[in-house]
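J.: below is the structure, and that's it, no one-letter string:
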């Protein structure tokens, strides 16, 4: 605001302090003052103040708790187990990526702890079908990865927008659509992918149709002896927060911890999308990831791989602040949560989202913070 405008505002305020000024500038100014002091408006002011306190106190309390969650020493033994993953863009299967690109990528990830590549081979059509031309170069990629990066699995990353919050999208309640999704899964496994990774959003907590789909997919993947992997929503940081958010906005965002456990028991691998949190500060984001890690560990079976997502992308908006959601903060939060909850857990890792948006600093923070796996056959183990 300019100096002249500030001076002008001061003069108006001086005029408003006097009764004559108030009457001159505001017709009925005295009546307005009397009205604001009326008992009814006093009660309205008290109600407004009370509502502000009710909203502000939990927010401040939550921020303090998250900041405290980010403090403390990192436990020994909370580094990579050689079971990490990375989401890869569609360019790897549509012909844009070449041998030179794969050679560079192999140099990047060799020895870093990466075991799974989630390669975008979709999206599905809204009816659950999948045109084969969407992954036309899959065979080249799979064969080349097996040759240059032995022990690393190439999973088909499939997904679609769900019609859970609008009229357009894939409809899980439709049995025919779910059957088509299973057929599409069989289709990509026939193309020799090493596994299947699903990301369906927005997926509401408690969705029984989703659990039914997972049961059907698990039957197929077990018969093929390949992993069934899914990308998971975050867990309620406060009890039943997904219900409150759903009631206020129509977008629940979180899953209940109980539902997360129900999903985790039906899959071989579950990767938490622990980014896009709206956290404004790095310490709060790191504390949030530590909490998410602990909540997920508490309900994920020992035989299921649990991976925490790392933000390998850079953008600023309401849901994601790149200055706060850093790889370093996510790694520290993951290690803190792991050390506090289940330090010896072997089936655990991180998942990097996403290759085409990553910067050099992201890779450095991942390697330095999370570390390299123990030498030996462990990296390619199931």
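T.: Good, I have the coordinates. In this text, all values refer to a predicted model and were calculated from it rather than measured experimentally.

J.: spatially central residue in the chain, please.
T.: Closest residue to the average C-alpha location of the chain: residue 273 at 2.4 Å, with C-alpha atoms, centre = their mean.

J.: any idea how far that residue is from residue 254?
T.: In this structure, residue 273 and residue 254 are separated by 11 Å, where distance is defined by C-beta to C-beta, to the nearest Å. C-beta: built from backbone N, CA, C; applies to glycine.

J.: likewise for residue 205?
T.: Relative to residue 254, residue 205 is positioned 7 Å away (C-beta to C-beta).

J.: and the protein, what are its domains?
T.: 3-69, 84-380 (automatic domain parsing).

J.: mean pLDDT and distance to residue 78 added to these, as a markdown table?
T.: Putting the domains of the chain into a markdown table (pLDDT from 0 to 100; distance: least, C-beta to C-beta, whole Å) gives the following:
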| stretch | mean pLDDT | distance to residue 78 |
| --- | --- | --- |
| domain 3-69 | 45 | 15 |
| domain 84-380 | 95 | 4 |
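
J.: give me whichever of those is most buried.
T.: With neighbours defined as mean count of other C-beta atoms under 10 Å, the domains of the chain peak in mean count at domain 84-380, which reaches a mean of 19.

J.: chain center to that one: distance?
T.: For domain 84-380, the distance from its own C-alpha centre to the chain's C-alpha centre is 9 Å (C-alpha atoms, centre = their mean, to the nearest Å).

J.: can you give me the helices for the stretch 151-300 of the chain?
T.: Taking DSSP state H, counting those that start in this stretch as the criterion, the stretch 151-300 of the chain contains helices spanning 175-190, 208-224, 241-249, 257-264, 282-299.

J.: the stretch 1-150 of the chain too?
T.: Assigned by DSSP H, counting those that start in this stretch, the stretch 1-150 of the chain shows helices spanning 3-17, 19-25, 29-36, 39-69, 99-109, 138-148.

J.: how about the domains of the chain in JSON lines, adding distance to residue 76?
T.: Output for these, formatted as JSON lines (distance: least, C-beta to C-beta, whole Å):
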{"stretch": "domain 3-69", "distance to residue 76": "20"}
{"stretch": "domain 84-380", "distance to residue 76": "8"}
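
J.: nearest to residue 75 among the ones you listed would be which one?
T.: With C-beta to C-beta as the measure, domain 84-380 is the member of the domains of the chain nearest residue 75 (3.0 Å).

J.: quick one: terminal-to-terminal distance for stretch 124-134?
T.: Distances were taken as C-alpha to C-alpha, to the nearest Å; on that basis the terminal residues of stretch 124-134 are 9 Å apart.

J.: so for residue 273 and residue 254, which residues contact both of them?
T.: Contact criterion C-beta atoms under 8 Å, 6 or more residues apart in numbering; residues bridging residue 273 and residue 254 by contacting each: 233-234.

J.: so what's the residue nearest to residue 277 when sequence neighbours are not counted up against?
T.: For residue 277, ignoring the flanking residues on the chain, the nearest one in space by C-beta to C-beta, 6 or more residues apart in numbering is residue 288 at 5.6 Å. Neighbour list for residue 288: 66, 69, 237, 274, 277, 279, 333 [criterion: C-beta under 8 Å, 6+ apart].

J.: which one is the fourth one nearest to, not counting chain neighbours?
T.: Right, the one you point to is residue 274. Among residues not flanking residue 274 along the chain, residue 309 sits closest, at 4.6 Å (C-beta to C-beta, 6+ apart).

J.: helices and strands around the host helix or strand of that neighbour, which ones?
T.: Counting by DSSP states H and E, the element that carries residue 309 is strand 305-311. Judged by 3 or more C-beta pairs under 8 Å, 6 or more residues apart in numbering; DSSP states H and E, strand 305-311 is in contact with strand 269-272, helix 282-299, helix 327-341, strand 348-353.

J.: what pairs with the last one, parallel or antiparallel?
T.: Yep, that's strand 348-353 we're talking about. strand 84-88 (parallel), strand 305-311 (parallel) (DSSP bridges).

J.: next structured bit after it?
T.: For strand 348-353, the succeeding helix or strand toward the C-terminus, using DSSP H and E, is helix 360-370.
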